[in-house]
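Novice: how would this look folded up:
(one chain, ligands or ions: 2)
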Amino acid sequence: MPTPTIAITTGEPAGIGPDITLMAAMREWNAQLVAIGDIDMLRERARLIDLPINLTPYQPSANPRPHTPGHLSVLHTSTSATVIPGTLNLANAHYVLKTLDIAIEGCQMGRFQAMVTAPVQKSIINDAGIPFSGHTEYLAEKTGTEHVVMMLATDKLRVALATTHLPLKDVPAAITTESLERTLHILRADLHQKFGITSPSIAVLGLNPHAGEGGHLGLEEIEVITPMLEKLRGQDWHLAGPLPADTAFNPDMLAHTDVFLAMYHDQGLPVLKYAGFGEAVNITLGLPLLRVSVDHGTALDLAAKGTASPHSLERAISHAL
Ligand SMILES: NC(=O)C1=CN([C@@H]2O[C@H](COP(=O)(O)OP(=O)(O)OC[C@H]3O[C@@H](n4cnc5c(N)ncnc54)[C@H](O)[C@@H]3O)[C@@H](O)[C@H]2O)C=CC1
Ligand SMILES: NCC(=O)COP(=O)(O)O
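Specialist: Ligands and ions are numbered 1, 2, ... in the order given. Presented below is the predicted three-dimensional model:
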């Protein structure tokens, strides 16, 4: 098999994305790594964290070579303003999106076999006047994909989300029979295709406390979730639920479940991150390209300090491979 090329978008330049990209490049990889970002900013960050790394402009090749530790190809795109680590700058919001656009286009053209994303600061992109919920939604829009699913995974636990970056008040209306069915189909198909699990066992959480307590604490379980699960059980799917979220992650369920489907971001992700913050990856399911990401944010407090952990980024690269 030819050596794959993995694009790494270096994320918010004031955050730890540049640091962890450079750190990950100090290791061997059975892939060509291409960092997408400002080469001068990356050189300066390497200097600040005292990393002896040689950065060279990326030259596309018909025969990519596996990554050499201490070297990194950079597909250069300029920041608009000088980067001060730890200090967000509105002027660089478009730059951040440009790095994503370059990676998406490279994947679509077959130049890159996957994109791995370092974290972006969602707030500064919005502050710059560009509506932006997250990579997940941006990638769906840019690739013309109607429905995608966010799934975070450690070696022992996978948690997918029925809704992603929504204010809590908008969550119930977003959980419809149609959206739930599409989410479950993507989850099942991608667990098969990307993880080799033919008929995954999916544990679906309820939306309300105690999964609605028989309708006394909300009706979404009775009106939306249960009918959809019944329909798919009739097609031989392995589904549990709707389960009360507070007791769903018990040892027995954990032992018999391939993926938990949470109804919203902060229902599922705190459990996953408690189980393995820094060890997990975030995979966007349902896309026509492969995107894997870190499990953490921009950690502005650690930028250019040399103390950020590259572990989740390294896991993301390994997962993509
Ligand atoms: N994939 C992405 O682009 C993601 C972006 N974010 C964005 O990041 C920004 C900041 O989010 P927060 O909730 O503050 O989370 P955060 O993950 O940036 O920080 C939470 C805590 O974890 C620490 N931390 C994070 N990554 C670390 C690493 N690699 N090594 C060592 N310590 C680390 C930080 O120093 C901080 O104490 C927000 O704008 C958010 O939207 C958050 C999650 C994912
Ligand atoms: N908490 C995970 C997260 O916010 C990741 O978002 P995305 O940028 O990968 O869509």
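Novice: For ligand 1, what is the nearest residue in the stretch 151-300 of the chain?
Specialist: Per C-beta to the nearest ligand atom, Gly297 is where the stretch 151-300 of the chain lies closest to ligand 1, at 2.3 Å. All C-beta atoms are positioned from the backbone trio N, CA, C, and that covers glycine.
Novice: didn't that residue look like it was pressed against Thr117?
Specialist: No. Here Gly297 does not reach Thr117: they are 11.8 Å apart, not a contact under C-beta atoms under 8 Å.
Novice: Those two: which has the busier surroundings?
Specialist: Neighbour comparison, Gly297 and Thr117: the larger count goes to Thr117, with 26 against 15 (by other C-beta atoms under 10 Å).
Novice: What helix or strand is the nearest residue to the more buried one once chain neighbours are set aside located in?
Specialist: What sits nearest to Thr117 in space, not counting adjacent residues and going by C-beta to C-beta, 6 or more residues apart in numbering, is Ser293, at 4.3 Å. Assigned by DSSP states H and E, Ser293 falls within strand 291-294.
Novice: So in that sheet, which strands flank that strand, and in what orientation?
Specialist: Strand 291-294 has its sheet partners listed here by DSSP bridges as strand 114-117 (parallel), strand 281-285 (antiparallel).
Novice: Name the stretch among those strands that sits most buried.
Specialist: strand 114-117 (a mean of 26; mean count of other C-beta atoms under 10 Å).
Novice: ok, back up a step: contacts for the strand holding Ser293?
Specialist: Strand 291-294 is contacted from outside by 20, 114-119, 135, 139, 281-284, 312-313, 316-317, 319-320, using C-beta atoms under 8 Å, 6 or more residues apart in numbering.
Novice: separation between Leu187 and ligand 2?
Specialist: 16 Å (C-beta to the nearest ligand atom, to the nearest Å).
Novice: how many other residues sit next to His296?
Specialist: Neighbour tally, His296, other C-beta under 10 Å: 22.
Novice: Likewise for Glu28?
Specialist: By the criterion of other C-beta under 10 Å, Glu28 has 9 neighbours.
Novice: what sits against it?
Specialist: By C-beta under 8 Å, 6+ apart, the residues touching Glu28 are 66-69.
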